[in-house]
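Engineer: Next come a sequence and a model predicted from it.
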Amino acid sequence: MELSPGKGKFPLVDLTIRGLKVMRFWNEKPAQTFSIFGLLLVVVYPIVWLIPSWLFIISSQDNLTLLMKAANEQIVFMAIFFKLCSFVINFHRWEQLFYDLQRAFTSVMDDQSLDIQGILGHVEKTAHFLTKGYTSVLCFNCALYGVFPMLFVAVKYAITGSHDVPLSTPIEANYFIPGYRTHFWLWLPLNVMLNVLLEMHGIALFLIECFTWSLVHATSCLFRVLQIQAHELSNQNERKDQWYAKFESFVSLHESVLRSARTLEEILSFQMLFLYMSTVFALCLMVMVLSLAFNDVFLLIAMICVIGYCLFQTFSFSYLGTELIEESGAVADAIFHSTWYNQSVNRQKDLCFVLMRAKKPVKLTAGKLFIVTRDSFTEVIKQAYTIFTLMSQFLEESAN
């Protein structure tokens, strides 16, 4: 934990780290405790978003569409709360993983290989554009969900002096404030506060997601670096001391990347399980809501925003999980095709040992139950459609 970002260090997910520092979800120096402000932001989350939504579901059972919308929001917001809590609980593990990966990238910064330099540039650029683009799009998504409806009501009230009842809030929730959904001047400050908190929680969440995706992708890219280094070990004319120096560097980097991949799997395992389960039920409920209220434009927009978010989340981890498996497995192929059989017997033994370690690809799992791949994303869609079909049949039978 001695390494910290600075001169001569690889700028791993630099923009994301700066954003997390602004939100007090990252420290200036390693090994410090999680900030009080960041912890307070997480503690406030269930008080504002989860408990009022539960109260709405319990107390408002007359409108099936709104009830299902609230249940769907509850699933998605619970998944978000799980992510925030997981990040706080595993904060020091994330911190250790980040600095381990930064050390690994820093160790190859001076490598003269153009391919390796291209990978380093790719890691830096993708993390920057992911954070910049994803956070901007999702902040607009949050505004579409909460700020724009509030502004529409406020402008209409300013022009006409009237408003529709009940007044909307960012989510279907019961805040037990008398008149907050009928009296404009009670509703407005409450809605402003809710939208500020929605954006703050949203930015913190989006930065955490970018941080997670970038570290998984960075780990895969380090496996690509190892593939290039494995090919370089096929040089038979290299002096013994130079070859063993390269080999030692290769083994050290491989061990570091494998350790980072194991840490990723341990941290993300139950988060992946919760994500996949919540996505299945959220998709099912969202399709049900849309099928029951397809004439409600605001509801359609809100549900499309949530559907897009859930699908992108699941697909991103499915894609990165597949990439991690393929790139880690390719290291063994690179060693095998490095003409190791033309090397001296001692070098063959050393390469054989590394080959055995690299043959088992690393992976992300969902609670140890299944491996996160692109195929698992397809299964999510299939399961959501199956549950939707069963629920539709149940509602039709109940109506008859």
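Structural biologist: Alright, I've got the coordinates. This is a predicted model, so every value here is computed, not measured.

Engineer: Please make it C-alpha for all contacts and neighbour counts, starting now.
Structural biologist: OK.

Engineer: Now do the strands in the stretch 101-250 of the chain.
Structural biologist: Taking DSSP state E, counting those that start in this stretch as the test, none of the stretch 101-250 of the chain falls into strands.

Engineer: Residue ranges in it under the pLDDT threshold?
Structural biologist: Within the stretch 101-250 of the chain, the segments meeting pLDDT under 70 span 235-238.

Engineer: ok, 80 please
Structural biologist: For the stretch 101-250 of the chain, applying pLDDT under 80 flags the ranges 232-241, 243.

Engineer: can you give me the helices for it?
Structural biologist: For the stretch 101-250 of the chain, helices defined by DSSP state H, counting those that start in this stretch occupy the ranges 114-142, 148-160, 184-232, 240-292.

Engineer: Just tell me which of the ones you listed ends up closest to residue 45.
Structural biologist: helix 184-232 (7.6 Å; CA to CA).

Engineer: any idea how far the closest one is from the chain center?
Structural biologist: Here helix 184-232 is found 6 Å from its chain centre; the criterion is CA atoms, centre = their mean, to the nearest Å.

Engineer: which helices and strands does that helix pack with?
Structural biologist: Applying 3 or more CA pairs under 8 Å, 6 or more residues apart in numbering; DSSP states H and E, we find helix 184-232 packed against helix 14-22, helix 64-89, helix 91-107, helix 114-142, helix 240-292, helix 297-336.

Engineer: Export those helices as JSON lines, with columns for distance to residue 345.
Structural biologist: Formatted as JSON lines, the helices and strands packed on helix 184-232 follow (distance: least, CA to CA, whole Å):
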{"stretch": "helix 14-22", "distance to residue 345": "44"}
{"stretch": "helix 64-89", "distance to residue 345": "48"}
{"stretch": "helix 91-107", "distance to residue 345": "29"}
{"stretch": "helix 114-142", "distance to residue 345": "29"}
{"stretch": "helix 240-292", "distance to residue 345": "13"}
{"stretch": "helix 297-336", "distance to residue 345": "15"}
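
Engineer: Residue 52: which of those helices is closest?
Structural biologist: Going by CA to CA, the one of the helices and strands packed on helix 184-232 nearest residue 52 is helix 64-89, 9.9 Å.

Engineer: neighbouring contacts of stretch 359-376?
Structural biologist: By CA atoms under 8 Å, 6 or more residues apart in numbering, the residues outside stretch 359-376 that reach it are 258, 261-262, 264-265, 268-274, 276, 315, 317-322, 324-326, 328-329, 331-332.

Engineer: Give the buried subset of the residues you listed as a ChimeraX selection command.
Structural biologist: Selection of the buried residues among these in ChimeraX, burial being defined by 16 or more other CA atoms under 10 Å:
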select :258,261,264,265,268,269,270,271,272,273,274,276,315,317,318,319,320,321,322,324,325,326,328,329,331,332
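
Engineer: which ones are touching residue 184?
Structural biologist: For residue 184, the contact set (CA under 8 Å, 6+ apart) comprises 163, 167.

Engineer: how close does it get to residue 314?
Structural biologist: 39 Å (CA to CA, to the nearest Å).

Engineer: try residue 339
Structural biologist: 40 Å.

Engineer: Give me the more crowded residue out of those two.
Structural biologist: residue 314 (22 against 15; other CA atoms under 10 Å).

Engineer: Can you tell me how far that one is from residue 87?
Structural biologist: Here residue 314 is placed at a distance of 18 Å from residue 87 (CA to CA).

Engineer: follow-up on the earlier one: tell me which of the helices and strands packed on helix 184-232 sits nearest to residue 168.
Structural biologist: helix 297-336 (10.3 Å).

Engineer: how distant is the closest one from the center of its chain?
Structural biologist: Counting by CA atoms, centre = their mean, helix 297-336 is centred 9 Å from the centre of its parent chain.

Engineer: Contacts for stretch 172-181, please.
Structural biologist: Outside stretch 172-181, the residues that touch it by CA under 8 Å, 6+ apart are 49, 52-57, 66, 69-70, 73, 165-168, 186-187, 190.

Engineer: buried ones in it?
Structural biologist: Using 16+ other CA under 10 Å as the test for burial, stretch 172-181 gives 172, 173, 174, 175, 180, 181.
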